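Build me a model from this:
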Amino acid sequence: DELCNFCACKDTYEHFFIECRKIKRVWEIIDNTCFLKLKRKIEFKHDIIFGYKDEDKTVERKINLMLMVGKHVISKYKCGLYSYNVECMLEHEMRLRNL
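Below is the predicted model of the structure:
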């Protein structure tokens, strides 16, 4: 099936990870965390799913870890592996990794 189970839009790679309204909050939380902890504002364009570049390699690694956690949570949530609230899942996964 080519349609998103959550909003019935065409389920492309970009939609699955970035555009779907059911997961927008994941990226808002990550963006807020990056700003509060690392003083970086992230633009969540389609290419962000491939990683973030920064002159400060420590900051780059932390942000890319947050992005990977976000994608991991979205995959688990959208594939039905967990019935938890996606925000709670993200907060739990980030806490496990001290992010």
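
centroid residue for the protein?
In the chain, the centroid-proximal residue (CA atoms, centre = their mean) is Gly70; its distance is 2.9 Å.

Glu14 contacts Ile48, correct?
No - counting by CB atoms under 8 Å, Glu14 sits too far from Ile48 to count as a contact (10.5 Å). All C-beta spots, glycine's among them, are computed from the backbone N, C-alpha and C.

on that earlier part again, ok, the residue nearest to the centre of the chain to Tyr52 distance?
11 Å (CB to CB, to the nearest Å).

Which single helix of this structure contains the most residues?
Longest among the helix segments of the chain by residue count, using DSSP state H, is helix 57-78.

CA atoms only for that one, dumped as CSV, please.
Extracted in CSV, the C-alpha atoms of helix 57-78 (Å, rounded to 0.1, in the frame of the first residue of the first chain):
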residue,chain,number,x,y,z
LYS,A,57,32.3,18.0,15.6
THR,A,58,31.1,17.4,19.2
VAL,A,59,27.9,19.3,18.5
GLU,A,60,27.6,17.6,15.1
ARG,A,61,27.8,14.1,16.7
LYS,A,62,25.2,15.0,19.3
ILE,A,63,22.8,16.5,16.8
ASN,A,64,23.2,13.5,14.5
LEU,A,65,22.6,11.1,17.4
MET,A,66,19.4,13.0,18.1
LEU,A,67,18.4,12.8,14.5
MET,A,68,19.0,9.0,14.4
VAL,A,69,17.0,8.6,17.6
GLY,A,70,14.2,10.6,16.0
LYS,A,71,14.2,8.4,12.9
HIS,A,72,14.3,5.2,15.1
VAL,A,73,11.3,6.4,17.1
ILE,A,74,9.4,7.3,14.0
SER,A,75,10.0,3.9,12.4
LYS,A,76,9.0,2.0,15.5
TYR,A,77,5.9,4.2,15.9
LYS,A,78,4.7,4.1,12.3
